[in-house]
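In: Quick one, what's the 3D model for this:
(one chain, ligands or ions: 2)
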Amino acid sequence: MDKIQKSNRAARGTVTCDNTTLHLLKANDFVATSIRNRMAEQNILLINITSSAGSGKTTLLQETVRRLKDRVKLKILVGDIETERDADRLREVGGDALQIVTGGICHREAQMVWQAMESLDLAGVELLIVENVGNLVCPASFDLGEDYRVTLIATTEGDDKPKKYPRMFLTSELMLISKVDLLPYLPFSVEAVTRDARDINPDIGVLELSTVQGTGVEAWCDWLMEKVAAKRGVANGARVV
Ligand SMILES: Nc1nc2c(ncn2[C@@H]2O[C@H](COP(=O)(O)OP(=O)(O)O)[C@@H](O)[C@H]2O)c(=O)[nH]1
Ligand SMILES: [Mg+2]
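Out: Residues are numbered from 1 along each chain as shown. Ligands and ions are numbered 1, 2, ... in the order given. The predicted structure is shown next:
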């Protein structure tokens, strides 16, 4: 959380932005702080899931809903430029999902999350997951007030993405290497992508995932539940180290 704010600030310092862009990012950070405060008051863990389009975010979230819906009260905010399709897919498996159609905007902004929160009943919710619009560029700059950012990189995308889109990996807590079932058919090196991501962010966690085969899905759910438990601990006055 602090890391995202710091790195966003640092990155803004090195990028040539016009004043409009700077004002936009400043306004976004202001709303993101309000979201973070509200999530802290209500003890809700907020996760922001990012990736290129088609890396497997919704498929993973469908499986997450199937496995966790009886263990934790969770809601999902899905963002796409058009259509309600991802929210429908999540509802089909029993998920409580709200679609935000961004109408041409290539990322989610904190203001969109804030507005969506107004129409969500968050009573008792412990986990709110945002599926961001699919791309590794714009969503990297917009803090949504999340506790953790998680980025998927699919084996079908090529293993050169961390160095090309460093800010996304710098600001992520966890990198999920998705579609590892396709590794035998693709020139993709798990070792190389992990090394490049850790060059940028030495603290980034790495998990190999195949949602279709079930590889890594349990570990992903365990990661989520650990973070939920830590947030519950904070709510109950425990000190998290
Ligand atoms: N081979 C393989 N395909 C997957 C996996 N996860 C998702 N897909 C496929 O990848 C495509 C895009 O998935 P989707 O979840 O819609 O990606 P999103 O755009 O990131 O939400 C779909 O055709 C999925 O069936 C996986 O683990 N392995
Ligand atoms: Mg999707």
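
In: ok, residues contacting stretch 96-116?
Out: Residues outside stretch 96-116 that contact it (Cβ atoms under 8 Å, 6 or more residues apart in numbering) are 27-29, 31-32, 34-35, 48, 74-84, 86-87, 90-91, 119-120, 130, 132-133, 135, 137-139, 141-145. Every residue, glycine included, has its C-beta placed from N, CA and C.

In: in that stretch, what counts as buried?
Out: 96-100, 102, 107-114, 116 (16 or more other Cβ atoms under 10 Å).

In: and of those, the nearest to residue 162?
Out: Residue 162 lies nearest to residue 107 out of the buried residues of stretch 96-116, by Cβ to Cβ, at 18.8 Å.

In: The closest one: what's its closest spatial neighbour, skipping adjacent residues?
Out: Excluding the flanking residues, the one nearest residue 107 by Cβ to Cβ, 6 or more residues apart in numbering is residue 138, at 3.7 Å.

In: what's the burial count for that neighbour?
Out: 16 (other Cβ atoms under 10 Å).

In: next one: residue 123
Out: 7.

In: part of a strand, is residue 194?
Out: No: counting by DSSP: H, G, I helix; E, B strand; the rest coil, residue 194 is not found in a strand; it is helix.

In: Centre-most residue in the chain?
Out: residue 49 (1.8 Å; Cα atoms, centre = their mean).

In: ok, what's across the strand from that residue?
Out: When bridges are called by DSSP bridges, residue 49 pairs up with residue 131, residue 150.

In: Does it touch residue 148 like I think?
Out: No: the pair residue 49 / residue 148 is not scored as a contact, 9.6 Å apart, by Cβ atoms under 8 Å.

In: Next one: the residue nearest to residue 107 from residue 169, what distance?
Out: 15 Å (Cβ to Cβ, to the nearest Å).

In: do the same with residue 230
Out: On the measure of Cβ to Cβ, residue 230 and residue 169 end up 23 Å apart.

In: what ranges of the protein fall below the confidence cut-off?
Out: Residues of the chain meeting the criterion pLDDT under 70: 1-21, 235-241.

In: secondary structure element for residue 177?
Out: Element membership for residue 177, per DSSP states H and E: strand 174-178.

In: export that strand as PDB, just CAs?
Out: Below are the C-alpha coordinates for strand 174-178, written out as PDB (Å, rounded to 0.1, in the frame of the first residue of the first chain):
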ATOM      1  CA  LEU A 174       2.200 -10.900  -6.100                       C
ATOM      2  CA  MET A 175       2.800 -12.000  -9.700                       C
ATOM      3  CA  LEU A 176       0.700 -15.000 -10.900                       C
ATOM      4  CA  ILE A 177       2.200 -16.700 -13.900                       C
ATOM      5  CA  SER A 178      -1.000 -18.000 -15.500                       C
END
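
In: Done for today, thanks.
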